[in-house]
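Asker: can't give you the sequence, but here's the structure:
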């Protein structure tokens, strides 16, 4: 597997973004039986200002968010709550992910969670988007969140949706 990491914000280096991305992407792909070595993902570690620009450009939302993703092709399920189409073909590129240092670490602190766990969760979440999962429709959200919890559990990370 190739995970190319671009550090637009050098603070990400102290969070070991490259290693976290390798582990999160590989765990997500392996969960579905996909060979992680066959796929490529690009992750950009940025700050709130940069992710706000991207959010405005691609989603018409001029504010910072924690993570954005751009799949290389549309794989989403037509039927609500169904699994998306499996990636296939000769192009190993799954897509791109941008993650904001400021929002990510602020959210972790506010939730009282280790930053490493929250970063891993967001990278899994974004990888699922690259695989065609979404959370706009209720059944799709339930499916996606359940998969996130399952992958994180295998990694020894607590359910991020179980708020005490």
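Answerer: Sure thing, it's come through. These numbers come from a predicted model, not from an experiment. Numbering: from 1, shown residues only.

Asker: other residues contacting stretch 126-137?
Answerer: For stretch 126-137, contacts defined as C-beta atoms under 8 Å, 6 or more residues apart in numbering pick out 24-25, 28-29, 32, 41, 67-72, 74-77, 80-81, 84-85, 87, 94-95, 97, 99, 140-141, 143-145, 147-148. (C-beta placed from N, C-alpha, C; glycine too.)

Asker: show me what residue 4 is bridged to.
Answerer: residue 42 (DSSP bridges).

Asker: sec struct for the residue most central in space within the chain, please.
Answerer: Closest to where the C-alpha atoms of the chain average out (C-alpha atoms, centre = their mean) is residue 126, at 1.9 Å. With DSSP: H, G, I helix; E, B strand; the rest coil as the basis, residue 126 sits in helix.

Asker: what pLDDT does it get?
Answerer: At residue 126, the model reports a pLDDT of 98.

Asker: go on, residue 36?
Answerer: 89.

Asker: repeat for residue 164
Answerer: For residue 164, pLDDT reads 59.

Asker: returning to what we had before: now that we have the contacts of stretch 126-137, which of them are buried?
Answerer: When these are checked for burial by 16 or more other C-beta atoms under 10 Å, the buried set is 24-25, 28-29, 41, 67-69, 71-72, 75-77, 84, 87, 94-95, 97, 99, 140, 143-145, 147-148.

Asker: so which of the contacts of stretch 126-137 sit within strands?
Answerer: Members of the contacts of stretch 126-137 lying in strands (criterion: DSSP state E): 41, 67, 68, 69, 70, 71, 94, 95, 97, 99.

Asker: alright, that wraps it up for me.
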